[in-house]
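**Student:** Sequence first, then the predicted structure:
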Amino acid sequence: MADPTSVDSRPSSRWGRRWRGARLVALAILPLIASACGGATSTPTTGPKHTPAVKTTFQGCMVTDTGGIDDRSFNASSWQGMLDAAKADPQIKVKYLQSTTSSDYVPNINAFVGQHCGIIVTVGFLMAQATQTAAKANPNQKFAIVDYTYSPAMSNVLGLFYATNQDAFLGGYLAAAMSKSHVVGTFGGIDIPPVTIYMNGFVAGVRYYDQHNHAHVKVLGWNPAKNTGLFTGSFTDQASGRLDTQNLMNQGADVIFPVAGSVGLGAAAAVKAAGGSNYMEWVDTDGCVSAPQYCSIFLTSVTKGIATSVEAAVLAAAHGTFQGGNYSGTLANNGVALAPFHDFSSKIPASVQSELQTIKQGIIAGTISVNPNSYPVNG
């Protein structure tokens with residue numbers, strides 16, 4: 001088990017400046033989380049600037065999943081949220097324990113329980129059981145968990161869920177619109193719901209594109225009707241990511257959508273090496289910020305607001321407004337979103353960009369289904 005790493009309220013990592021625009025969202029999420037008990041909530045109208053500062057030092061603690069603190073994905077985003085909370089209130093100090101394997105989950109969580117942390121944030125679906133066990137054994141300890149919600153909700157645990165099938169739908173539509181080969185591909189890290197929800201949305205977006213543009217774009221790597229697809233079995237094995245991507249491109253896919261944490265870096269290396277009209281879409285974070293060396297191949301990134309929701313959970317715990325329950329990030333409350341197009345801003349046709357905005361509003365209104373099985377298979 002690793003030693004905890006502490007930082008002060010002046011984050012100096014290269015992640016520190018990337019969330020300035022997102023902090024306006026964080027201002028809105030805090031009261032949402034404070035009222036999250038019992039289920040998903042609606043868009044809030046006030047923010048943490050209205051809550052009093054902590055009078056004494058408050059300790060926020062985080063347990064990573066196995067991908068590592070700098071996975072350019074959900075661990076890194078969660079840690080950024082911790083840093084943002086410390087920046088927002090200088091009395092908040094944050095630290096983390098890194099899980100190398102799943103066997104580290106329980107001892108890492110218990111170590112922080114023993115340190116009487118003000119809140120313990122656990123990162124990832126795979127930590128659901130360990131978090132639940134610790135929360136039941138320590139009812140006065142506050143927890144938040146990324147990528148999981150409990151039913152029934154727990155009074156001392158805030159589950160943070162993100163409807164990434166919504167923005168992945170937009171990513172799938174964009175991939176289909178930009179594909180020259182009329183074949184796109186996806187693969188996952190581990191076959192778990194936070195991964196397959198992305199893949200379902202991606203396939204749905206491609207099929208919607210086919211239906212509305214009389215096209216026939218084929219998706220490799222995921223069959224939503226059978227719930228079967230291509231997985232590396234890891235969030236860290238970049239060599240497998242590169243191999244799977246190469247195999248997908250060999251089958252004609254010219255846009256790749258890896259949902260695999262840092263494994264996606266291997267995919268990006270393969271796409272960049274292939275050159276030509278081969279592109280990729282990143283997940284969780286804005287890839288042009290988290291992996292800028294590959295920005296030239298990223299059409300966009302299908303992101304979720306992990307940092308802002310984690311920040312808000314820590315601030316709520318520190319300021320005495322924390323309540324357990326479940327939070328759902330959606331397109332409507334900016335909890336999920338497509339990242340800016342960066343290098344592709346002038347390359348993606350204006351008509352496609354306009355269609356994406358229209359589709360987004362349709363998803364929010366509920367007039368466009370994000371269920372891939374709602375659409376015929378044309379590819």
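**Tutor:** Happy to help now that I have it. Numbering: from 1, shown residues only.
**Student:** What residues of stretch 207-225 count as buried?
**Tutor:** By neighbour count on 16 or more other C-beta atoms under 10 Å, the buried set for stretch 207-225 is 207-210, 215, 217-222, 224. For every residue, glycine as well, the C-beta is placed using N, CA and C.
**Student:** ah, wrong one, I meant stretch 155-174
**Tutor:** Here stretch 155-174 shows 156-174 as buried, counting by 16+ other C-beta under 10 Å.
**Student:** taking the buried residues of stretch 207-225 one by one, which sit in strands?
**Tutor:** Per DSSP state E, strands hold the following members of the buried residues of stretch 207-225: 218-220, 222.
**Student:** follow-up on the earlier one: put together TSV for the buried residues of stretch 207-225, with pLDDT and distance to residue 92 on each row.
**Tutor:** Formatted as TSV, those follow (pLDDT from 0 to 100; distance: C-beta to C-beta, whole Å):
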residue	pLDDT	distance to residue 92
207	98	45
208	98	43
209	98	45
210	97	49
215	97	50
217	98	47
218	97	49
219	98	44
220	98	45
221	98	41
222	98	40
224	97	42
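**Student:** how about TSV for those residues, with distance to residue 65 added?
**Tutor:** As requested, the buried residues of stretch 207-225 are exported to TSV (distance: C-beta to C-beta, whole Å):
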residue	distance to residue 65
207	31
208	32
209	33
210	35
215	38
217	33
218	32
219	27
220	27
221	22
222	22
224	25
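**Student:** which one of the ones in strands among the buried residues of stretch 207-225 is nearest residue 199?
**Tutor:** Comparing these against residue 199 with C-beta to C-beta places residue 222 closest, at 4.3 Å.
**Student:** For the closest one, name its beta-bridge partners.
**Tutor:** Counting by DSSP bridges, residue 222 forms beta bridges with residue 229.
**Student:** List the contacts of it.
**Tutor:** 186-188, 196, 199-200, 202-203, 228-230 (C-beta atoms under 8 Å, 6 or more residues apart in numbering).
**Student:** where in the stretch 251-379 of the chain is pLDDT low?
**Tutor:** Low-confidence segments of the stretch 251-379 of the chain, defined by pLDDT under 70: 379.
**Student:** Do you have the strands of it handy? List them.
**Tutor:** Secondary structure of the stretch 251-379 of the chain, counting by DSSP state E, counting those that start in this stretch: strands at 255-259, 279-284, 298-304, 325-329, 336-338.
**Student:** Which of these sits closest to residue 72?
**Tutor:** Of the strands of the stretch 251-379 of the chain, nearest to residue 72 by C-beta to C-beta is strand 279-284, at 8.1 Å.
**Student:** That closest one packs against which elements?
**Tutor:** Helices and strands touching strand 279-284, as assessed by 3 or more C-beta pairs under 8 Å, 6 or more residues apart in numbering; DSSP states H and E, comprise helix 164-178, strand 255-259, helix 263-274, helix 287-290, strand 298-304.
**Student:** Just the angle for the longest helix along the chain relative to helix 164-178, thanks.
**Tutor:** Counting residues, the longest helix found in the chain (DSSP state H) is helix 193-213. Per axes from the mean of the first three to the mean of the last three C-alpha atoms, to 10 degrees, the angle that helix 193-213 makes with helix 164-178 is 40 degrees.
**Student:** which secondary structure elements does helix 193-213 contact?
**Tutor:** By 3+ C-beta pairs under 8 Å, 6+ apart, helix 193-213 packs against helix 164-178, strand 183-188, strand 218-220, strand 222-223, strand 255-259, strand 298-304.
**Student:** possible to save these as a markdown table with distance to residue 349?
**Tutor:** Below are the helices and strands packed on helix 193-213 laid out as a markdown table (distance: least, C-beta to C-beta, whole Å):
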| stretch | distance to residue 349 |
| --- | --- |
| helix 164-178 | 8 |
| strand 183-188 | 17 |
| strand 218-220 | 21 |
| strand 222-223 | 26 |
| strand 255-259 | 15 |
| strand 298-304 | 12 |
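**Student:** Tell me which of these lies nearest to residue 85.
**Tutor:** Closest approach to residue 85 among the helices and strands packed on helix 193-213 (C-beta to C-beta): strand 298-304, 17.7 Å.
**Student:** which other helices and strands contact that closest one?
**Tutor:** helix 164-178, helix 193-213, strand 279-284, helix 287-290, strand 336-338.
**Student:** Tell me who's in contact with the closest residue to residue 202 other than its chain neighbours.
**Tutor:** Closest residue in space to residue 202, ignoring its immediate chain neighbours: residue 172 at 4.0 Å, by C-beta to C-beta, 6 or more residues apart in numbering. Each residue near residue 172 by C-beta under 8 Å, 6+ apart is listed here: 184, 201-209, 219, 257.
**Student:** So which of those is the closest to residue 250?
**Tutor:** Using C-beta to C-beta, the contacts of residue 172 come closest to residue 250 at residue 184, 14.0 Å.
**Student:** Right, I'll call it a day here.
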